[in-house]
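Q: just need the structure, nothing else, for what follows:
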Amino acid sequence: SEGRDMGTAVFPQAELKVYLTATAAERARRRAADMTQRGQAPPPLATLEAQIAERDHLDRTRTEAPLRPAEDGVVVATDGISVEQVVDELEDLFRQRVSHDAWPAGRH
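A: Sure, this is the predicted structure:
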């Protein structure tokens with residue numbers, strides 16, 4: 001599952017909780033690239049970055065399920081690395097932290 005409160009509100013008992021993060025500037029670049037790929041003209045990067053920073057602020061300061069990593073979670077910074085590198089890191093974390101009984105069949 002994905003979401004900004006999966007490890008703290010939705011699955012607090014999960015064996016592995018990962019909090020993916022990137023700077024607002026990195027996320028703005030990614031959003032602009034995604035919009036361009038879909039044929040949309042993105043707003044200036046500074047505008048996107050400000051929108052992302054504002055959303056993060058609102059999410060961190062809300063009273064119900066504020067945005068934050070789980071206390072026992074692992075923060076993975078994704079700035080400057082590829083999707084494949086992120087997946088490799090997540091797979092390594094899974095193998096290190098999740099009991100073999102929970103692994104998908106054929107992945108031991």
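Q: Lys17 against Val75, yeah?
A: No: counting by CB atoms under 8 Å, Lys17 stays clear of Val75, with 9.9 Å between them. (Glycine included, C-beta is placed from N, CA and C.)
Q: which stretches of the protein have low pLDDT?
A: Residue ranges of the chain with pLDDT under 70: 1-10, 106-108.
Q: helix, strand, or coil at the spatially most central residue of the chain?
A: What sits nearest the mean C-alpha location of the chain, by CA atoms, centre = their mean, is Leu20, with 2.9 Å. Three-state assignment for Leu20 (DSSP: H, G, I helix; E, B strand; the rest coil): strand.
Q: measure it to Ile52 for me?
A: Note on Leu20: its distance to Ile52, by CB to CB, to the nearest Å, is 14 Å.
Q: tell me the buried residues in the biggest helix by length in the chain?
A: Of all segments of type helix in the chain, defined using DSSP state H, the longest is helix 45-61. Using 16 or more other CB atoms under 10 Å as the test for burial, helix 45-61 gives Leu48, Glu49, Ile52.
Q: all helices for this structure, in order.
A: So, for the chain - with DSSP H - the helices run 24-37, 45-61, 83-97.
Q: helices or strands up against the last one?
A: Read that as helix 83-97. strand 18-21, strand 74-77 (3 or more CB pairs under 8 Å, 6 or more residues apart in numbering; DSSP states H and E).
Q: gap between the last one and the chain center?
A: Think strand 74-77. 8 Å (CA atoms, centre = their mean, to the nearest Å).
Q: give me the sheet partners of that strand and which way each runs.
A: Here strand 74-77 is paired, per DSSP bridges, with strand 18-21 (parallel).
Q: so what touches the partner strand?
A: For strand 18-21, contacts defined as CB atoms under 8 Å, 6 or more residues apart in numbering pick out Gly7, Pro69, Ala70, Gly73, Val74, Val75, Val76, Ala77, Thr78, Val86, Leu90, Leu93.
Q: next: stretch 79-98.
A: Residues outside stretch 79-98 that contact it (CB under 8 Å, 6+ apart): Glu15, Leu16, Val18, Leu20, Ala22, Thr23, Glu26, Val74, Val76, Thr78, Trp103.
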